[in-house]
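>>> no sequence on this one, just coordinates:
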């Protein structure tokens with residue numbers, strides 16, 4: 001049983017989809033299937049339940065996830081311990097972020113890190129930012145760009161990059177929604193609301209309505225703030241998104257911010273890492289580069305850079 005097979009198993013356990021796993025690991029679906037079958041033969045028990053429509057972990061498979069993760073992590077720690085102080089850093093670093101987040105903080109950080117450590121392979125995985133913390137917790141990402149949750153797990157280290165207001169937005173186009181939000185005050189009990197499926201913004205919007213003793217008129221639930229902005233600009237309803245999303249959107253002129261009282265709590269955005277990985281030389285090197293990353297002319301280590309004239313945009 002080698003770490004390559006264990007990594008492949010962990011990838012399939014995460015996606016529960018042979019085609020997606022094969023694309024991720026650059027193997028054919030049949031090769032992935034054969035590798036999993038060999039692993040099951042070695043374990044002596046089925047790890048997955050397969051049918052034509054779905055793939056599920058068995059109870060043994062779910063337990064094997066913990067063994068596989070500990071084994072892979074243990075191997076990485078041992079391999080890292082062999083790196084000499086005078087040896088050029090090598091290895092792979094897996095980062096997770098929303099697509100738009102890569103345009104802000106990660107693009108500049110990638111450039112900085114590659115300049116310092118050209119032999120380290122950076123692997124970027126993109127998806128809904130609401131899943132970022134889970135990616136770090138389950139070990140499928142070394143570092144992720146995430147919104148700081150209200151209750152940060154004790155085994156996660158978080159470094160704030162920026163804080164952005166969470167604001168309500170409405171459409172500019174002439175439509176029924178525009179007519180509603182042009183009223184003073186806005187009749188929130190009849191205003192169509194577009195919610196994120198699972199982001200922190202959803203909980204804050206629901207709490208905002210709860211405190212006003214209003215049951216929100218939910219028009220739709222969508223995945224991610226970019227989707228909320230797209231539906232708002234089309235005149236489907238009103239939604240709440242981080243202000244930095246609007247500022248960096250191609251459609252920023254198609255929506256308008258709404259003045260509300262009380263305002264929604266702001267977002268604290270940054271990088272997160274599992275504490276068990278922070279001492280890995282590759283992870284530690286990236287974390288250090290992030291600490292020294294210039295923000296508005298000075299970095300968190302206090303070193304000023306006069307060439308910097310703006311805050312790097314981190315989009316959620």
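Okay, I see it. Just so it is clear, the model here is predicted, and its values are computed rather than measured.
>>> measure residue 73 to residue 266 for me?
Distance, residue 73 to residue 266, using CB to CB, to the nearest Å: 34 Å. Using the backbone N, CA and C atoms, a C-beta is placed for each residue, glycine as well.
>>> Mind checking the pLDDT average for stretch 72-81?
Averaged across stretch 72-81, the pLDDT comes to 74.
>>> how far does it sit from the chain's center?
Relative to the centre of its chain, stretch 72-81 is centred 25 Å away, using CA atoms, centre = their mean, to the nearest Å.
>>> list the contacts for the nearest residue to residue 116 once chain neighbours are set aside?
Nearest-residue entry for residue 116: residue 289, 6.3 Å, with adjacent residues in sequence omitted and distances by CB to CB, 6 or more residues apart in numbering. Shown in contact with residue 289 (CB atoms under 8 Å, 6 or more residues apart in numbering): 109, 112-113, 116.
>>> Quick one: the strands in this protein, in order.
With DSSP state E, the ranges of strands along the chain come out as 48-50, 55-57, 91-97, 120-126, 143-147, 156-164, 166-171, 192-196, 217-222, 238-242, 255-257, 267-274.
>>> wait, which of the ones you listed is closest to residue 204?
With distances scored as CB to CB, the stretch of those nearest to residue 204 is strand 166-171 (6.3 Å).
>>> Show me what that closest one pairs with in its sheet, parallel or antiparallel.
Take DSSP bridges as the rule and strand 166-171 pairs in its sheet with strand 238-242 (antiparallel), strand 255-257 (antiparallel).
>>> count of residues packed around the closest residue to residue 290 other than its chain neighbours?
With CB to CB, 6+ apart as the criterion, residue 290 has its nearest non-adjacent residue at 5.5 Å, and that residue is residue 271. Residue 271 has 26 neighbours, counted by other CB atoms under 10 Å.
>>> what does residue 199 give?
25.
>>> Tell me the predicted confidence for the closest residue to it other than its chain neighbours.
Spatially, and ignoring its direct neighbours in sequence, residue 199 is nearest to residue 130 (4.6 Å; CB to CB, 6+ apart). pLDDT recorded at residue 130 is 79.
>>> I'd assumed residue 201 was in contact with residue 130.
No. Checked against CB atoms under 8 Å, the pair residue 130 and residue 201 is beyond contact range at 9.2 Å.
>>> in this structure, which ranges drop under the pLDDT threshold?
For the chain, the stretches flagged by pLDDT under 70 are 1, 79-87, 100, 104-105, 293-316.
>>> Show me which helix runs longest in it.
Assignment by DSSP state H gives helix 59-81 as the longest helix of the chain.
>>> Which strands or helices does that one pack on?
Counting contacts by 3 or more CB pairs under 8 Å, 6 or more residues apart in numbering; DSSP states H and E, helix 59-81 is packed against helix 3-15.
>>> of all the contacts of residue 289, which comes closest to residue 237?
Lowest distance from residue 237 to the contacts of residue 289 (CB to CB) belongs to residue 109, with 35.2 Å.
>>> Please give the number of neighbouring residues around that closest one.
So residue 109, with other CB under 10 Å, has 23 neighbours.
>>> Look up the closest residue to residue 245, ignoring the ones flanking it.
Using CB to CB, 6+ apart, the closest residue to residue 245 is residue 225 (5.0 Å).
>>> can you pull the contacts of the residue located most distally from the centre of the chain?
Residue farthest from the centre of the chain, counting by CA atoms, centre = their mean, is residue 184 at 37.2 Å. Taking CB under 8 Å, 6+ apart, we find residue 184 in contact with no residue.
>>> what sits against residue 282?
80, 89, 91-93, 117, 120, 142.
>>> meant to ask about residue 137
With CB under 8 Å, 6+ apart, residue 137 has these contacts: 153, 155-156, 274.
>>> now the nearest residue to residue 121 once chain neighbours are set aside: how far from residue 201?
Leaving aside its chain neighbours, residue 121 sits nearest to residue 92 (4.5 Å; criterion: CB to CB, 6+ apart). Residue 92 sits at a distance of 33 Å from residue 201 (criterion: CB to CB).
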